[in-house]
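**Student:** sequence unknown, structure follows:
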């Protein structure tokens, strides 16, 4: 196997709800969710039944045929969001590729082929394909893969004036994560998102929201940008929408999708019957009003607990970041986030890290306050000893 992944010493054998169990039957409280993928935890009964039922019928036929599950899932996604059209794929990177192509194609068919550049932000992470690492602009992901694909203009995160100056007659779209995940769990303030929407409208450019990590109830709304009361022209989702099964999608308004004619894009496996069954089963759970209430309640409980934690460790915790059940703990320089991660694992708690020395918490959306208490107790002890 290729060696790109710095794997931990944990070897999971099975999962039960919010816990992973290794080969020695040791139980770990999982606050990674497969990096925001396992929205309903491990082996959720409703998802298991959906997979088992569909697996006995039909797995794959290709998009040469009508797939009823696609129509059903697309309709439900549109009903819960701004979208009027949905394109299904298998991952977040594929969804971003579709979004980039859609934005460029939109201006092309409008008679403005020169409008092909996309503005992105420092700290962004949009995937690992050649186009998405160019969009993300992080040198550690670009090193050795030069020449960098052209067409992307990056501005400093939070620098409104730099953003305005970056817009030219060649700009097709602005691409932003409402909450940066890999970049340090940095949330874009609501007033910035509404201002960005107005700026895009003023210049006739499209706004793309990368919701791959922060979407699907992760922040307490179906899509994170909904907190701002605005809507993008295009959005990308993946991770949580499949609940652990490979599934991604590019969402768009009718206008933004108007350039995507027959043959302009495609996916062999995207929207396969098995993935559609899982996606629909996941929405059965997360679109229930009681689930919204649950996520809001437990997210508030987690936030309150983190605030108390920060007060106890004021010299070691610099800042609390994020929203909902996507939280970041910015640590002081002398407390290394990756060391905290390893120490937590030794005490049977699995967490993530992010850029800027941030400890990242991405628990399953089904956690209860007791799980929050369990996790914060471990983190409290680890930071106290750091």
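**Tutor:** That came through, no problem. As the structure is a computational prediction, the values presented were derived from the model and not from experiment.
**Student:** now stretch 348-357, how far from the centre of its chain.
**Tutor:** Between the centre of stretch 348-357 and the centre of its chain there are 16 Å (CA atoms, centre = their mean, to the nearest Å).
**Student:** residue ranges of the helices in the stretch 101-250 of the chain, please?
**Tutor:** 130-136, 139-142, 160-166, 190-203 (DSSP state H, counting those that start in this stretch).
**Student:** with mean pLDDT, distance to residue 237 and mean neighbour count added, can I get these in CSV?
**Tutor:** Where you see a C-beta, it was placed from the backbone N, CA and C, and this is true even at glycine. Shown next, in CSV, are these (pLDDT from 0 to 100; distance: least, CB to CB, whole Å; neighbours: other CB atoms under 10 Å):
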stretch, mean pLDDT, distance to residue 237, mean neighbour count
helix 130-136, 98, 15, 23
helix 139-142, 93, 21, 12
helix 160-166, 96, 24, 14
helix 190-203, 98, 17, 15
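**Student:** turn these into CSV, including distance to residue 21.
**Tutor:** Formatted as CSV, the helices of the stretch 101-250 of the chain follow (distance: least, CB to CB, whole Å):
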stretch, distance to residue 21
helix 130-136, 34
helix 139-142, 33
helix 160-166, 47
helix 190-203, 40
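**Student:** what's the closest of the ones you listed to residue 385?
**Tutor:** helix 139-142 (29.7 Å; CB to CB).
**Student:** just checking, what packs against that closest one?
**Tutor:** Helix 139-142 sits against helix 130-136, with contacts defined as 3 or more CB pairs under 8 Å, 6 or more residues apart in numbering; DSSP states H and E.
**Student:** hmm, who's touching the helix it packs on?
**Tutor:** Around helix 130-136, the neighbours that count as contacts under CB atoms under 8 Å, 6 or more residues apart in numbering are 93, 96-97, 100, 118, 120, 124-127, 141-142, 145, 148-152, 175.
**Student:** can you tell me which of those residues end up in strands?
**Tutor:** 118, 120, 152, 175 (DSSP state E).
**Student:** and which of those residues is nearest to residue 386?
**Tutor:** Among the ones in strands among the contacts of helix 130-136, and counting by CB to CB, the member closest to residue 386 is residue 120, at 34.0 Å.
**Student:** how many other residues sit next to that closest one?
**Tutor:** 25 (other CB atoms under 10 Å).
**Student:** ok, now residue 12?
**Tutor:** 15.
**Student:** got it, and residue 7?
**Tutor:** 8.
**Student:** which of the contacts of helix 130-136 are buried, as a PyMOL select command?
**Tutor:** Listed next is the PyMOL selection for buried residues among those, using 16 or more other CB atoms under 10 Å:
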select buried, resi 93+96+97+100+118+120+124+125+126+127+141+142+149+152+175
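**Student:** determine the longest helix present in the protein.
**Tutor:** helix 289-312 (DSSP state H).
**Student:** for the protein, name the helix or strand with the lowest mean pLDDT.
**Tutor:** Ranking every helix and strand in the chain by mean pLDDT, DSSP states H and E puts helix 139-142 at the bottom, with a mean of 93.
**Student:** hmm, back to that, and the next element down the chain from the longest helix of the chain?
**Tutor:** strand 317-323 (DSSP states H and E).
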